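Participant: got a predicted structure plus its sequence, pasted below:
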Amino acid sequence: MSNRTKNIFRGFAFLIALIILGYWLLIASLPGVTTIENYRPESTVIDLSNFNWDKDIVAPVRKYVPLSKISPELRTAVLISEDDTFFGHSGINITELKKAFQENLEKKRYARGASTITMQVVKNAFLTQQKTLTRKIKEILLAKKIEKIWSKQKIFEYYLNIAEWGHNIYGAEAAARYYFNKPASQLDLAEASLLAGMLPNPKILNPFKNWNRVKNRQQRVLRLMRNARLITDQEFENLLSQTIYLRGSAPKFEERPMIPDVSIFDEALKDPRIPKEFKDKADSTGIIFIPEDEKNDSLK
């Protein structure tokens, strides 16, 4: 073997060693199973019913609520707009990742993300907000790991409780109270689609400041729902024209018992992408619930 060949071989071996070392360091830097199992978003406010929203909000406001206290309309609007394949993937959406990589490569900048709901939970709960390749790789690896530890229901519940909906406004309950002066359980579809449309950039898409832009985002969410046959053409038009009362402009709201409207999920569960065995396990609010003892279910 010539010296040149030996040098090429050594260089290749060194490169492989660097890749293995880098991957090991990435894996070692991820939270362990115990850390993940013990994580739970904490409330920063005990009661939001009489919270003074008119003062400067200088610290994060979050009131943790279970999925049963979040309206089915908001859950549907968020799923269809943020991750419509959530119940069908195992943490990442390969197709969207490929599209995002290609577009970012063509534009030579970070122009498009491909984060699933699971990846967004990972980013908000365990990683930084920096847009770097290293963080994205960690996000993908940890999303796959979390899908093996948490149920889909828990991931979605956590997402709806830690998602940012404005400056220091976190989670569906705080968002519903801040923008509409009502609990998340009482949001109708017009309000829910408005909130869902804000998620990509909540600090800019603020209905108090940029109403027209937020309405455009709401229209996109409702269009996705119409295309998925979750609402009819007439419902689409009615929802777009429905008057939405923001906090401070509406009559005094009186809380009422939550009566889930599951009709919208009857159509959602007809989606052929969702396996029949998972459709059969959809609970009364339309969220697919997988019992903890079913270890082999791919949606765990």
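Facilitator: Cool, the structure landed.

Participant: dead centre of this structure: give me the residue that sits there.
Facilitator: Using CA atoms, centre = their mean, the residue of the chain that lies closest to the mean C-alpha position is I117, 3.7 Å off.

Participant: skipping adjacent residues, who's closest to it in space?
Facilitator: Setting aside the residues directly before and after it, I117 is nearest to D83 in space (CB to CB, 6 or more residues apart in numbering), at 4.3 Å. Every residue, glycine included, has its C-beta placed from N, CA and C.

Participant: touching, the one you found and G91? I think so.
Facilitator: No: with contact defined as CB atoms under 8 Å, D83 and G91 do not form a contacting pair (10.7 Å).

Participant: tell me the SS of K55?
Facilitator: Under DSSP: H, G, I helix; E, B strand; the rest coil, K55 falls in the coil class.

Participant: Q218 now?
Facilitator: On the basis of three-state DSSP, Q218 is classed as helix.

Participant: so who does it touch?
Facilitator: Shown here is Q218, whose contacts under the criterion CB atoms under 8 Å, 6 or more residues apart in numbering are A190, S193, L194, A196, G197, L240.

Participant: right, and the first one touches S241 too?
Facilitator: Just to be clear, that refers to A190. No: between A190 and S241 no contact is recorded; they are 9.3 Å apart, counting by CB under 8 Å.

Participant: identify the contacts common to D83 and G91.
Facilitator: Both D83 and G91 are in contact with T116, where contact means CB under 8 Å, 6+ apart.

Participant: L141: neighbour count?
Facilitator: Using other CB atoms under 10 Å as the criterion, L141 is surrounded by 18 other residues.

Participant: over to L105?
Facilitator: 10.

Participant: so where does the closest residue to R226 other than its chain neighbours fall, helix or strand?
Facilitator: Sequence neighbours aside, F236 is the residue nearest to R226 in space, at 4.5 Å (criterion: CB to CB, 6+ apart). F236 is located in helix 233-241, with elements delineated by DSSP states H and E.

Participant: may I see the buried residues of that helix?
Facilitator: Of the residues in helix 233-241, those buried under the neighbour-count criterion (16 or more other CB atoms under 10 Å) are F236, L239.

Participant: what does the average pLDDT come to for that helix?
Facilitator: Average pLDDT, helix 233-241: 96.

Participant: so for stretch 207-226, what gets flagged as buried?
Facilitator: Neighbour-count burial for stretch 207-226 flags P207, R213, V214, R217, Q218, Q219, V221, L222, R223, L224, M225, R226 (criterion: 16+ other CB under 10 Å).

Participant: all helices for the stretch 101-250 of the chain, in order.
Facilitator: According to DSSP state H, counting those that start in this stretch, the stretch 101-250 of the chain carries its helices in the segments 117-126, 133-147, 152-162, 172-180, 189-198, 211-227, 233-241.

Participant: want to throw those helices into CSV with distance to K69?
Facilitator: CSV is the format used below for these (distance: least, CB to CB, whole Å):
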stretch, distance to K69
helix 117-126, 19
helix 133-147, 23
helix 152-162, 10
helix 172-180, 7
helix 189-198, 14
helix 211-227, 21
helix 233-241, 23
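
Participant: what's the closest of these to E73?
Facilitator: Using CB to CB as the measure, helix 189-198 is the one of these that comes nearest E73, at 4.0 Å.

Participant: show me what the closest one is packed up against.
Facilitator: Secondary-structure packing of helix 189-198 (3 or more CB pairs under 8 Å, 6 or more residues apart in numbering; DSSP states H and E): helix 72-82, helix 172-180, helix 211-227, helix 233-241.

Participant: sketch out the low-pLDDT regions of the stretch 51-200 of the chain for me.
Facilitator: In the prediction, the stretch 51-200 of the chain carries residues with pLDDT under 70 at positions 104, 106-113.

Participant: ok, the nearest residue to K69 once chain neighbours are set aside - how many residues close by?
Facilitator: If you skip the residues right next to it in sequence, K69 has S185 as its closest partner in space, 4.9 Å away by CB to CB, 6+ apart. Counted by other CB under 10 Å, the residues lying close to S185 total 21.
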